[in-house]
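Undergrad: Take a look and give me a structure for this.
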Amino acid sequence: MELAGFRQSEAARVLDGLKEDIRSREAEITELRSQVASAERQMQIERATYGDLARQVKALSNENAGLREDLAFFQSLMAAGGKEGSVTINRFRVRPEALPGEYRYRLLLVQTGQRVKEFQGTLQFVLNLEQGDRKYVLMLPQEGERDVRDYQISFKFFQRVEGTFKVAPEAVVKSLQIRVFENGSVAPKLSQTVTVS
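TA: Got it, this is the predicted structure:
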């Protein structure tokens, strides 16, 4: 049938062709959406894997650094040369704790050389502090109190020393010096200073 030069059968065929074209394009869009979703999932997996690998690399680097420190420690411990009974300070670290004015220290004392006898002595800390415009020095334990048990040391090969100390909450520790005194001596056998950041 033809109406005003328009054939109904041809229009139906064109309409069917357009409908088929729409279905084909919708299927293509669905397939592309599926591919995009798959690519996004893959990218999330890769990001998670990269994050895990980055964390593992950092952990392994830290572990490697610790192992190197341990190796250096054991090499110094096993060294047969040197003065009889000489003592060294290793891994001396100080860091602020969560509470204002509280600090944690950690160090390792090692007796090198022939280690004929056990080293016995005491520790003393000299803190350089700033509080506002004022700079001052604080000694722990206080002068005359060197026999305080927390500061006594006794070891043949090595001794790990760690603890905390408190200063005024508004005071800032700029540096800390450790002094190692052998029993019976008024002068330190050795000392080492660290800057506190």
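Undergrad: What residues sit buried inside stretch 160-167?
TA: Using 16 or more other C-beta atoms under 10 Å as the test for burial, stretch 160-167 gives 161, 165, 167. For glycine as for every other residue, the C-beta is placed from the backbone atoms N, C-alpha and C.
Undergrad: out of these, who's nearest residue 14?
TA: Closest to residue 14 out of the buried residues of stretch 160-167 is residue 167 (89.5 Å), distances taken as C-beta to C-beta.
Undergrad: of the buried residues of stretch 160-167, closest to residue 130?
TA: The closest of the buried residues of stretch 160-167 to residue 130 turns out to be residue 167 (C-beta to C-beta; 10.4 Å).
Undergrad: Excluding chain neighbours, give the residue nearest to the closest one in space.
TA: The spatial neighbour of residue 167 that comes closest, neighbours along the chain excluded (C-beta to C-beta, 6 or more residues apart in numbering), is residue 101 at 4.9 Å.
Undergrad: So what's the residue count around that neighbour?
TA: Residues near residue 101, counting by other C-beta atoms under 10 Å, number 15.
Undergrad: Repeat that for residue 56.
TA: Neighbours of residue 56 (other C-beta under 10 Å): 10.
Undergrad: Name all residues that make contact with it.
TA: Residues counted as contacts of residue 56 (C-beta atoms under 8 Å, 6 or more residues apart in numbering): none.
Undergrad: And it, how far from residue 42?
TA: Residue 56 is 21 Å from residue 42, where distance means C-beta to C-beta, to the nearest Å.
Undergrad: again with residue 29
TA: Separation of residue 29 from residue 42 (C-beta to C-beta): 20 Å.
Undergrad: got it, and residue 131?
TA: Noted for residue 131: a distance of 57 Å to residue 42, by C-beta to C-beta.
Undergrad: domains of the protein?
TA: Domain assignment for the chain by automatic domain parsing gives 6-78, 84-195.
Undergrad: Of these, which stretch is the most buried?
TA: Mean neighbours per residue, mean count of other C-beta atoms under 10 Å, is largest over the domains of the chain for domain 84-195, with a mean of 15.
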